[in-house]
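K.L.:
sharing a model prediction with you, sequence too.
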Amino acid sequence: MRKISLLLSLLMILSLIFSVAAYADETPSNYAVPFEINEDGAYYMVEQKTDTLIFAQNEHEKMYPASLTKIMTAIITLENCPDLSEKVTYKLAIQDQIYQQNIASGGNISVAGFSAGEEVSIKDLLYACLLPSGNEAAEILADYVGGSGPVFYEMMNEKAKELGANDTHFCNANGLFDADHYTTAYDMYLIATYAMENETFAEMVSAVSYTSEPTNKNENGYTWYNTNKMLNPQSEYYSSIIKGVKTGTLDESGRCLITTAEKSGYQYMLVLMGTDLYDDEGNMLNYRSDFQQTQQFYDWAFENYKVKTVIEKGTIVYDIDLRLAKDGKKKLQLMSGSTFSTLMPQSYSIDNVRAVPELNAALLNDDKSINAPINKGDVVGELKLILSGKEIGRVDLLAAESVQRSEALYLLDQVKGVFTSFWFKFLFLFVLIFVVLYVIIMVIRNHNKRKYRHVRRRRRL
């Protein structure tokens, strides 16, 4: 007998191990990409129409944003400057600040070409900030909008917190290196998504080039080209489906790039941070790793992901034990309250989606059953849908039929409930204790009476 019990226990353990292993294989933490990416780089890719996370790596790791910072600079400016035609003067103090930053960075920082005393419209400063990534343009805007750089930087940090970018801290407006100036790929996704909802911003960052108005120091104005060469039809990296958003490059940051792409009804945003800038010998690469990887990500996503319907409205998905039904019915069928579709790899089917019911605890009895009466369409819980270990959505669980209550069974259940209730048990115990004490007291009294009578008889004798 012991040998049989031991064998059964061993089989149960092995079964559990294999089931866990099978589930682990079924639910990888990330979909693998069929091309090489940087192990230390940070990536975050989302299909925005369905809000489906496609790929993430190191998305919450601290990274230096470089000129991706200017996305926040631009959006703070747009939200605080209703008149973009207003002119701003480039202060000598700001020019000196940029000069010192250039020296600290080893020279060759990107500028739009302005000089101290030049009067430029806010609109042109925004284009200068976003297209050629002019570092002086960003600080001119910061000083004008905030009244000083530090005040503007605090406005940037407050906006980041408002957007949920809690792992971000800005201490300048242009993104030049500072150890205390950092963010994450996830936070930059939140910031860029918000910024692209502003039509003016989206139009600016998607422009291939722009020519400014004449200024008091340049009668011909300036012509700038977008540093994102994927927008330029003349570039080897051109892609017709890409819009915006911003490039960023520093030795400490590597190549950084945020883009959006739309095709065949799908819209993606991709954040890359920390792709290669130099080769193993320390020489600058002769190709743009950020543009190359971005194209690979979009090709992969558009080719391999499709929207599929996971569950149709009214599908019977589950049943639950039923009590007190008039017709003696023991099970209640539950159906989905809505149709749910999601983006998933084409190689996946709806069979890869696990459906986990979560019933309303307030409706359940201790034995996990539910009581009649119930009407068709009543919400009794939710169906949680899981793909590759991640929750992808929920639908309501509804009663698929109406069931009347048996009044006789209900009355019997109420009576049973009274006898099994806490207060009945408490009252019964109280009465029992009272009776026991009463009996004990009466026994003691009777015993004392007999003893007293016995003593009196002895005295008489």
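P.N.:
The structure has been received and is ready for your questions.
K.L.:
separation between residue 146 and residue 128?
P.N.:
According to CB to CB, to the nearest Å, residue 146 and residue 128 sit 18 Å apart. Glycine gets a C-beta too; all of them are placed from N, C-alpha and C.
K.L.:
tell me which of those two has more neighbours.
P.N.:
residue 128 (26 against 19; other CB atoms under 10 Å).
K.L.:
tell me the SS of that one?
P.N.:
At residue 128, secondary structure determined by DSSP: H, G, I helix; E, B strand; the rest coil is helix.
K.L.:
list the residues that contact the residue nearest to residue 387 when sequence neighbours are not counted.
P.N.:
Excluding its sequence neighbours, the residue lying closest to residue 387 (CB to CB, 6 or more residues apart in numbering) is residue 353, at 5.1 Å. Residues in contact with residue 353 (CB atoms under 8 Å, 6 or more residues apart in numbering) are 310, 385-387, 392.
K.L.:
rerun that using 10 Å as the cut-off
P.N.:
Residues in contact with residue 353, defined by CB atoms under 10 Å, 6 or more residues apart in numbering, are 308, 310-311, 340, 342, 344, 385-388, 392-393.
K.L.:
residue 136 now?
P.N.:
Under the criterion of CB under 10 Å, 6+ apart, the contact partners of residue 136 comprise 90, 94-95, 97-99, 101-102, 109-116, 118, 125, 128-129, 174.
K.L.:
please apply the same query to residue 377.
P.N.:
Counting by CB under 10 Å, 6+ apart, residue 377 makes contact with 335, 337, 396, 398-402.
K.L.:
and it, how far is that from residue 357?
P.N.:
Counting by CB to CB, the gap from residue 377 to residue 357 is 17 Å.
K.L.:
with residue 407 instead?
P.N.:
Between residue 407 and residue 357 the distance is 30 Å, computed by CB to CB.
K.L.:
over to residue 270?
P.N.:
Taking CB to CB as the measure, residue 270 and residue 357 are separated by 35 Å.
K.L.:
now residue 107
P.N.:
Relative to residue 357, and taking CB to CB, residue 107 is found at 63 Å.
K.L.:
which of the two has more residues huddled nearby?
P.N.:
residue 357 (14 against 7).
K.L.:
going along the chain, name the strands of the stretch 1-150 of the chain.
P.N.:
Read by DSSP state E, counting those that start in this stretch, the stretch 1-150 of the chain holds these strands, from start to end of the chain: 42-47, 52-57, 87-89, 119-121.
K.L.:
the second one pairs with which strands, parallel or anti?
P.N.:
By that I understand strand 52-57. Strands flanking strand 52-57 in the sheet, each with its direction: strand 42-47 (antiparallel) (DSSP bridges).
K.L.:
repeat for the third one
P.N.:
When pairs are called by DSSP bridges, strand 87-89 turns out to pair with strand 119-121 (antiparallel).
K.L.:
quick one: the partner strand to chain centroid distance?
P.N.:
Averaging C-alpha positions (CA atoms, centre = their mean, to the nearest Å) puts strand 119-121 40 Å from its chain's average.
K.L.:
where do the strands sit along the stretch 201-350 of the chain?
P.N.:
Under DSSP E, counting those that start in this stretch, the stretch 201-350 of the chain gives strands at 209-211, 223-225, 242-250, 254-263, 266-275, 305-311, 316-323, 331-336, 340-345.
K.L.:
need these in JSON lines with distance to residue 430, mean pLDDT and mean neighbour count, can you?
P.N.:
Formatted as JSON lines, the entries for the strands of the stretch 201-350 of the chain read as follows, by distance: least, CB to CB, whole Å; pLDDT from 0 to 100; neighbours: other CB atoms under 10 Å:
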{"stretch": "strand 209-211", "distance to residue 430": "87", "mean pLDDT": "98", "mean neighbour count": "15"}
{"stretch": "strand 223-225", "distance to residue 430": "89", "mean pLDDT": "98", "mean neighbour count": "17"}
{"stretch": "strand 242-250", "distance to residue 430": "74", "mean pLDDT": "96", "mean neighbour count": "23"}
{"stretch": "strand 254-263", "distance to residue 430": "72", "mean pLDDT": "97", "mean neighbour count": "23"}
{"stretch": "strand 266-275", "distance to residue 430": "68", "mean pLDDT": "97", "mean neighbour count": "24"}
{"stretch": "strand 305-311", "distance to residue 430": "54", "mean pLDDT": "92", "mean neighbour count": "17"}
{"stretch": "strand 316-323", "distance to residue 430": "31", "mean pLDDT": "91", "mean neighbour count": "16"}
{"stretch": "strand 331-336", "distance to residue 430": "39", "mean pLDDT": "94", "mean neighbour count": "20"}
{"stretch": "strand 340-345", "distance to residue 430": "55", "mean pLDDT": "89", "mean neighbour count": "19"}
